[in-house]
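[1] Need a 3D model of the sequence below.
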Amino acid sequence: MAGVTLNNVIKRYGQVQVIHGADLDIQDGEFVVFVGPSGCGKSTLLRMIAGLEDISDGEIGIGGTVVNDVEPADRGTAMVFQSYALYPHMTVEENLSFGLRMNGNDKADTNQRVKNAAQVLQIENLLERRPKQLSGGQRQRVAIGRAIVRNPEVFLFDEPLSNLDAELRVQMRVEIARLHSELGVTMIYVTHDQTEAMTLADRIVVLRDGRIEQIGSPLELYHDPVNQFVAGFMGSPKMNFMAAEIVDHTADTVTLSLANQHGARLALPVKQIPSTTHVTLGVRPEHFLPAGQGDCDLNLKVDVIEHLGATTFIYSGTKTDEQLIVERDESENDDIGGAVAAAIPAGRCHLFDEQGKRLT
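    Numbers count the residues shown, from 1 in each chain. Next comes the predicted model:
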């Protein structure tokens, strides 16, 4: 097993820089997930660790050794791609053993590795089948098995579940979490799905435009985001953002007037007073309280209702730039076009300045 370090890693394509000085220290046996919107550089970063992309500057270390000039096959990594890339004319057993056989690995050792991988992934009964006879989840297990038989020090996953339907994604998330627990090896996982990140990761790396915005545990990022981007990206449904203006302040408290809520006012403790009066208030859907139980009441028009069993989400302002989502108990009766009252608890709010920096 081995840890992975990135030291001021930069990637350029011609004159265009797509990774801007990434620094990261992944511990031996840790499960780290790269998340961010499409085009943020997460897959590029993963491919540079694998050696499939050259780095323009900086250093990548695996197991304490700088691997900038080491061939991909010699880095001790194994990659699982979004596409299964299985050989259709081969059985599952042949797909699993192909790489080892091509490298001249001992036959008895190869058979044992295939057997062990099949047991870990619970696909022993599929070894004689061909890919066309497998479901999507079974094919993904085989793709992961090809990585396992190499006995890598680091597993690299590039959006491995994006081709599966919702139910299979949930099942495979559980399988990958179990796999990490059993093998105890370092895993780096790329996804745009923050739910996958929250459920799988020991730590999450949030990227935007080729820069690392924040690194932390799932709950650290959820409850303590450093800026508005991270706050809005982590969580489903996402955090509500409301335009506000500072109308009064003391040394450590500001009083806000909510721009689109008829001047409703809310007092918040802050770490620093911003230089401008225009700010953004953030509140997660589940943190709204019944009217009269918080620090500022809002009266909202019900535009859309989502019933999800024990939880209901009320959407207000869907035709404006400031859509608000309120989580409600499923027993409450709300009608589209009607009104819903909710209260903001000051202690559960976040405040951001015009640059998106968190102030609370």
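
[2] in the chain, which spans are helices?
    42-50, 92-102, 107-121, 136-148, 166-183, 194-200, 218-223, 228-233 (DSSP state H).

[3] any chance of those in JSON lines, with mean pLDDT, distance to Ile246 and mean neighbour count too?
    Placement of C-beta: from N, CA and C, glycine included. What follows is these, written out as JSON lines (pLDDT from 0 to 100; distance: least, Cβ to Cβ, whole Å; neighbours: other Cβ atoms under 10 Å):
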{"stretch": "helix 42-50", "mean pLDDT": "96", "distance to Ile246": "36", "mean neighbour count": "23"}
{"stretch": "helix 92-102", "mean pLDDT": "92", "distance to Ile246": "61", "mean neighbour count": "19"}
{"stretch": "helix 107-121", "mean pLDDT": "92", "distance to Ile246": "56", "mean neighbour count": "16"}
{"stretch": "helix 136-148", "mean pLDDT": "90", "distance to Ile246": "51", "mean neighbour count": "22"}
{"stretch": "helix 166-183", "mean pLDDT": "88", "distance to Ile246": "42", "mean neighbour count": "15"}
{"stretch": "helix 194-200", "mean pLDDT": "91", "distance to Ile246": "30", "mean neighbour count": "20"}
{"stretch": "helix 218-223", "mean pLDDT": "96", "distance to Ile246": "24", "mean neighbour count": "17"}
{"stretch": "helix 228-233", "mean pLDDT": "96", "distance to Ile246": "16", "mean neighbour count": "22"}
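
[4] mind putting those helices in JSON lines, distance to Asp158 included?
    Formatted as JSON lines, these follow (distance: least, Cβ to Cβ, whole Å):
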{"stretch": "helix 42-50", "distance to Asp158": "6"}
{"stretch": "helix 92-102", "distance to Asp158": "18"}
{"stretch": "helix 107-121", "distance to Asp158": "19"}
{"stretch": "helix 136-148", "distance to Asp158": "11"}
{"stretch": "helix 166-183", "distance to Asp158": "13"}
{"stretch": "helix 194-200", "distance to Asp158": "13"}
{"stretch": "helix 218-223", "distance to Asp158": "20"}
{"stretch": "helix 228-233", "distance to Asp158": "19"}
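
[5] Looking at these, spot the one closest to Gly21.
    Closest to Gly21 of the helices of the chain, according to Cβ to Cβ: helix 42-50, at 11.7 Å.

[6] Contacts made by that closest one with the rest, please.
    The list of residues contacting helix 42-50 from outside it, by Cβ atoms under 8 Å, 6 or more residues apart in numbering, reads 4, 6, 9, 11, 18-19, 22, 34-36, 53-55, 60, 62, 72, 75, 77, 79, 154, 156, 158-159, 188, 190, 192, 205, 207, 210.

[7] Convert it to CSV, retaining C-alpha atoms only.
    The C-alpha coordinates for helix 42-50 follow below in CSV (Å, rounded to 0.1, in the frame of the first residue of the first chain):
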residue,chain,number,x,y,z
LYS,A,42,-10.7,16.2,-11.7
SER,A,43,-10.2,13.5,-14.3
THR,A,44,-7.1,15.2,-15.6
LEU,A,45,-5.7,15.2,-12.1
LEU,A,46,-6.5,11.5,-11.8
ARG,A,47,-4.9,10.7,-15.2
MET,A,48,-1.7,12.5,-14.2
ILE,A,49,-1.5,10.4,-11.1
ALA,A,50,-1.9,7.3,-13.2
